[in-house]
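In: sequence unknown, structure follows:
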């Protein structure tokens, strides 16, 4: 009997890949998203997002309703930041029709949009904390978000889907005492940002979990079309409020926070998260200036016919929502209903890069990366 | 003394009795409305993809193997620690004996560390 | 041993068991209330005064829930797993002394269920048995999330058991006994005879390891709901689900009591001679023990609702590359110093 040489069959000891579904019924997919994750042990080798669980034919619907009736649909796209969506649609329509709105309307719009930006970022920060296992900051964020929702309820009666910013104006003026209440909220809110920082931002475990994880390099971000805080987290100074000022954003003094890699690599989850924290401060700054300057008198509706009939033509207009560049492409054929309406969703582009940046990380990181991208499925699926 | 362990036996009987009693009780008391969807394994709300009984990554086994090595070390350390004070009258002998053992083991640990067995990647 | 001794043992066992169950209920209530206060909420406050009967109501609800056994599971192991976790969890407390001794009808009754000479090993052994419950629950469920949770958990528990064991070795070096009574009595006297002051490094390692052993945040990867939904107990329902939680809380109570016994003098009140005070001393020592344990239980809750969770590899790195070498070093230093002193 000869001596057998022992050869090691590598495939016999290699672990098999396991397909894991994260979503649609899963605690951390921020809506009904399905991520099909291929894992080897804990390492994720491939991620495929499956979307469409929340598809409501938004764009097709819009072709069958009048221009005013589109606004409630726009609300339901990014339901976390309805005001900003209303704002984007109103800006696009006004550009298409060539309407100038009064000074007061501009100020009102900026105030509510920035308040909504704060509310939206609070949700993003809170749920991101939740995704890495910190429960308490989530409820702290909701405590403060609640106050903004109360303000909006006072303003227009709704707490989530406002239908407040209309083409050519806003649905109604600020109620009596609203400005004082917003001041009061800002005074209350500003010190709270420090609280989030103490509790979550500079927590050692939190930094360990997020700083170098899911790095989105600037060139990859740009080639995927990522925008908003996700792009700024990668160190690109791009904010439509500064770069292509719409409405009256050029009147205010504010900074654009970008990711600096203070705790790790530029473009990591922590950078994206911290950009949002810093934007809270900037939004407070803008809101304060707007409240100081808002004209006492003025009409909140432009003179418009009951049925809006924009002239034939098309327009592409984009605004900065809490999630990034929200674009509206509207084609008008002169009838009261849009011929075609296309929405460019910032959350959709943000989600599209997840396979690129989350591959090779662990399952826990995929959840953290998804949370740091701050997607809203209502807008992705439309 | 074996009689010291009688309380342990009593505790075991009580704990086991309790555990199985509530298992049985909930089985008897609960309603039973079954259907195939309810009885299927959880897969985040979609049909099962792939199989569950896959070959598990070898890294988990590596941890288990390392654990056994170091757990045996602890098993050696306990009796040593118990008699440590009694043998102190002989000077450094007992300390050095264990120090040699720990050094050898420490080298093993360092080897494992440098070899990358503790890394997950 | 005569019949009266046996009856005394039985009474003690039943009393301690009832106290443990009561403490588990109290702990569930405390966790929910304290977490609510940490988070600006109210917490359960409807059932009974201040919501005190909430755990009772929860228990009843669990009993009345449908007992779902999924078709894919390995049935014997699936049914056995929660019991395998709960039984050791309820048994561990037996060796922990919770007071000095009472004198009733001329009999001296020590406030401890079983005074065995390998108390420390007994606790370590039973916590290891608990791992089987988790692994089997994960594997027998035949579903992906529980499987991953079970794997993670087993790797985590065995890794941190090493550091925990090594931290305890340092204490045993100082005491020269594995009997928990001896460990307590060697810490009597003034405050600084507590091992937390003599062995601060061992205490830190032990405390961290105990958090990992009980699967609590920041080490609760086994049931990380954001990734693995429910971890190893995803497929469990009704009382079987509740048993995992009872085991978790029972483990926490034992772990807190064990920490107190090893490092904070057990039932000892500094500068007070409990034995000289007779039955009052026993009562006071029992209260002292409960208060100390309650503090550590509060710490558990406080930490859980403050920190985020570690990632799996970070957890392993901390266990193997930081705590294990430190624990070895601690034994080395302790041994060296003891030799020099003698």
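Out: Done, it's in. Quick caveat: nothing in here was measured; it's all calculated off a predicted structure.

In: just checking, residue A:254 touches residue A:284?
Out: No. Checked against CB atoms under 8 Å, the pair residue A:254 and residue A:284 is beyond contact range at 9.6 Å. In short, each C-beta sits where N, CA and C put it, glycine included.

In: Which residue, neighbours along the chain excluded, lies closest to residue 89?
Out: You didn't say which chain, so I picked chain A. Sequence neighbours aside, residue A:74 is the residue nearest to residue A:89 in space, at 4.7 Å (criterion: CB to CB, 6 or more residues apart in numbering or on different chains).

In: my bad, chain B
Out: Excluding its sequence neighbours, the residue lying closest to residue B:89 (CB to CB, 6+ apart) is residue C:342, at 7.6 Å.

In: Same question for residue C:28.
Out: Excluding the flanking residues, the one nearest residue C:28 by CB to CB, 6+ apart is residue C:55, at 4.6 Å.

In: so how many other residues sit close to that neighbour?
Out: 24 (other CB atoms under 10 Å in any protein chain shown).

In: With the one 3 residues further on instead?
Out: Residue C:58 has 18 neighbours, counted by other CB under 10 Å.

In: Pass me the low-pLDDT residue ranges in chain B, would you?
Out: For chain B, applying pLDDT under 70 flags the ranges B:1, B:50, B:120-121.

In: from it, which residue is nearest to chain C?
Out: Using CB to the nearest CB, the closest approach of chain B to chain C is made by residue B:26 at 3.3 Å.

In: Residue C:60 is in contact with that residue, correct?
Out: No. Counting by CB under 8 Å, residue B:26 sits too far from residue C:60 to count as a contact (10.5 Å).

In: coming back round to it: okay, the residue nearest to residue A:89 and residue A:80: tell me how far apart.
Out: Relative to residue A:80, residue A:74 is positioned 13 Å away (CB to CB, to the nearest Å).

In: Ok, residue A:94 next?
Out: 24 Å.

In: Between these two, point out the one with more neighbours.
Out: Shown here are residue A:94 and residue A:80; by other CB under 10 Å, residue A:80 has more neighbours (25 against 22).

In: And the helices in the stretch 101-250 of chain C?
Out: With DSSP state H, counting those that start in this stretch as the criterion, the stretch 101-250 of chain C has helices at C:119-140, C:144-175, C:180-185, C:195-198, C:200-213, C:225-228, C:238-263.

In: can you put those helices in CSV and add mean neighbour count and distance to chain B?
Out: As requested, these are arranged in CSV below (neighbours: other CB atoms under 10 Å in any protein chain shown; distance: least, CB to the nearest CB, whole Å):
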stretch, mean neighbour count, distance to chain B
helix C:119-140, 22, 7
helix C:144-175, 26, 4
helix C:180-185, 22, 10
helix C:195-198, 18, 14
helix C:200-213, 22, 12
helix C:225-228, 25, 11
helix C:238-263, 25, 3
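
In: looking at those helices, which has the lowest confidence?
Out: Ranked by mean pLDDT, the helices of the stretch 101-250 of chain C bottom out at helix C:225-228, with a mean of 68.

In: my read: residue B:77 touches residue C:332, true?
Out: No. Counting by CB under 8 Å, residue B:77 stays clear of residue C:332, with 11.2 Å between them.

In: which ones are touching the residue nearest the centre of chain C?
Out: Per CA atoms, centre = their mean, the C-alpha nearest to the average position across chain C is that of residue C:255, at 2.5 Å. Counting by CB atoms under 8 Å, 6 or more residues apart in numbering or on different chains, residue C:255 touches C:210, C:213, C:214, C:296.

In: roughly how far apart are residue C:51 and residue A:295?
Out: Separation of residue C:51 from residue A:295 (CB to CB): 52 Å.

In: Show the backbone phi and psi for the residue in the stretch 51-200 of chain A positioned nearest to chain B.
Out: At 9.4 Å from chain B, residue A:53 is the closest residue in the stretch 51-200 of chain A, using CB to the nearest CB. Dihedral pair for residue A:53: phi -70, psi -20, per degrees, to the nearest 10.

In: where do the helices sit along chain B?
Out: B:6-29, B:58-83, B:93-115 (DSSP state H).

In: Now do the contacts for the nearest residue to residue A:139 once chain neighbours are set aside.
Out: Nearest residue to residue A:139 in three dimensions, chain neighbours excluded: residue C:39, at 4.2 Å (CB to CB, 6+ apart). Contact analysis of residue C:39 by CB under 8 Å, 6+ apart lists A:135, A:136, A:139, A:140, C:305.

In: Can you name the residues that contact the spatially most distant residue from the centre of chain B?
Out: Centroid-distance maximum for chain B: residue B:33 at 37.6 Å, with CA atoms, centre = their mean. Shown in contact with residue B:33 (CB under 8 Å, 6+ apart): residue C:66.
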